[in-house]
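In: Fold the stuff below for me.
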Amino acid sequence: MEKLVFIGFFLICSTLTWAQEKYSRDLNIESVKKVVNDAAQWQIEHIPTAGRTLAFNPQFTGWADGVFLSALADWAEYDNSRNFISWYENIAEKQRWEVGHRSLNPANDVAVSLMYAKIWQKTKKPRYLISQIDKWDGKTIENLAGGWSPLIPTIERLDYQMKYYPKTNNIKFEVAKNQERWCWCDALYMAAPTYALYANITGNNAYREFMNREFWITMEALYDKQERLVFRDTRYLTMKEPNGAKLFWGRGNGWVVAAMARILNFLPADYPSRPRYEKRFQEIMSRIVSLQDPNGYWHTSLLDTVTYKSPETSASGFYTFALWWGINNGLLKKDIYLKPAVRAWQAMVLAVQPSGMLGYVQPIGDAPQNVSALKNEVYGTAAFMLAGLEVAKYVEKK
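Out: Presented below is the predicted three-dimensional model:
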């Protein structure tokens, strides 16, 4: 058994060293742009089709591709040297700016809407005529360019979700009706930032108030104050890892801290609950940074890295993003967090293979599992782009 563990560790190190032959880990703008653009380009050329025909995760408008497209829109706004904007604008047009199919987990349906908002904010050009405008109030129509707007499908879905949101007194994942609530930690990333941004775009404060209320209901139900970590959903509150530790999923907590960073980007500076988000972000990140492994990564299980030895880059990518975002926005002190942030970025770069593929991404799931260098998914590359954007911002400032 010891020999097998050693061989596995050797293979991980060998693969990561081999990947490093192409990409520089130096903190300079050109190095960051090169590796992020290559990773994004590879992902565009290898958009998955498997698992993209089901109602809960359709191609492009589903949650997985929506996370990728929204992150790509953020990155391309900073550096469009590969003309990524034309690529995702074409997708928006072909999809007629629709959101995901109404699924059992409707929070997933609006992850793609951050990309739509980014396009609209950049151009604000009419896309197609809304034939039925009598059901919209005049102020909303006026704000959205006189009745011509690509954002109507998203707004329809946000309004629908708020109107028909389940009225339950708990968020127990085991209760079927609760599947339509934000009853799992991923939902905080999929839906909450969209509500926060669209409140700004439309002037509809109800979106922000709904987001704030439901975010904290979910957060407080799943947050472990002792560990300063978030359970994936209520099924995990009593689960244990093989080593006896509580079960905290790596990517699950990545969704949470990345969600808070993105929400804070959209919340007004004087919003009453803003300090609450900032404090919780700081609490969780102070715990997260203590769980970074010596190579700069985090694993699929945060508290059992013996059972789950392999690095995992969707979790690591979101933590890297959160670290650099926190430093850039003054919420994380440089003297404490800069060194782990640098290690995290360099580790992420090391996981990008010479082809541009980001490896060690855990497949779609909801619990820890070991992964290999050949595993990739779009949300891993999304996290890498968001992290690279914050690294680039820091380097430019300095």
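In: Okay, now the unreliable bits of the protein?
Out: In the predicted model of the chain, residues 1-21, 124-148 satisfy pLDDT under 70.
In: Excluding chain neighbours, give the residue nearest to Q43 in space.
Out: T381 (4.4 Å; Cβ to Cβ, 6 or more residues apart in numbering). Every residue, glycine included, has its C-beta placed from N, CA and C.
In: show me what contacts the one you found?
Out: Neighbouring residues of T381 by Cβ atoms under 8 Å, 6 or more residues apart in numbering: 39-40, 42-43, 68, 71, 358, 361.
In: Flag every buried residue along the helix or strand containing it.
Out: In the assignment (DSSP states H and E), T381 maps to helix 378-397. For helix 378-397, the neighbour count (16 or more other Cβ atoms under 10 Å) marks 378-394 as buried.
In: what does stretch 150-165 give?
Out: Neighbour counts over stretch 150-165 (16+ other Cβ under 10 Å) mark 150-155, 157-159, 161-162 as buried.
In: same question, stretch 347-356
Out: Per 16+ other Cβ under 10 Å, stretch 347-356 contains these buried residues: 347-353, 356.
In: Give me the distance from it to the chain's centre.
Out: In terms of Cα atoms, centre = their mean, to the nearest Å, the centre of stretch 347-356 is found 19 Å from the chain centre.
In: Send me that stretch as CSV with only the CA atoms.
Out: Taking C-alpha atoms only, stretch 347-356 is exported to CSV below (Å, rounded to 0.1, in the frame of the first residue of the first chain):
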residue,chain,number,x,y,z
ALA,A,347,0.1,25.8,-8.2
MET,A,348,-2.8,26.5,-10.5
VAL,A,349,-0.4,27.4,-13.3
LEU,A,350,1.5,24.2,-12.7
ALA,A,351,-1.7,22.2,-13.3
VAL,A,352,-2.2,23.6,-16.8
GLN,A,353,-0.8,21.1,-19.3
PRO,A,354,1.2,22.1,-22.4
SER,A,355,-2.0,21.8,-24.5
GLY,A,356,-3.6,24.5,-22.3
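In: re earlier: closest to K33 among the buried residues of stretch 150-165?
Out: P150 (29.0 Å; Cβ to Cβ).
In: is it true that that closest one touches E98?
Out: No: the pair P150 / E98 is not scored as a contact, 9.8 Å apart, by Cβ atoms under 8 Å.
In: returning to that earlier point: so which of the contacts of T381 sit within strands?
Out: Among the contacts of T381, the subset assigned to strands under DSSP state E is empty.
In: So which of those residues are in helices?
Out: 39-40, 42-43, 68, 71 (DSSP state H).
In: Any chance of the buried residues of stretch 347-356 in TSV with secondary structure as columns?
Out: Listed next are the buried residues of stretch 347-356 as TSV, based on DSSP: H, G, I helix; E, B strand; the rest coil:
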residue	secondary structure
A347	helix
M348	helix
V349	helix
L350	helix
A351	coil
V352	strand
Q353	coil
G356	coil
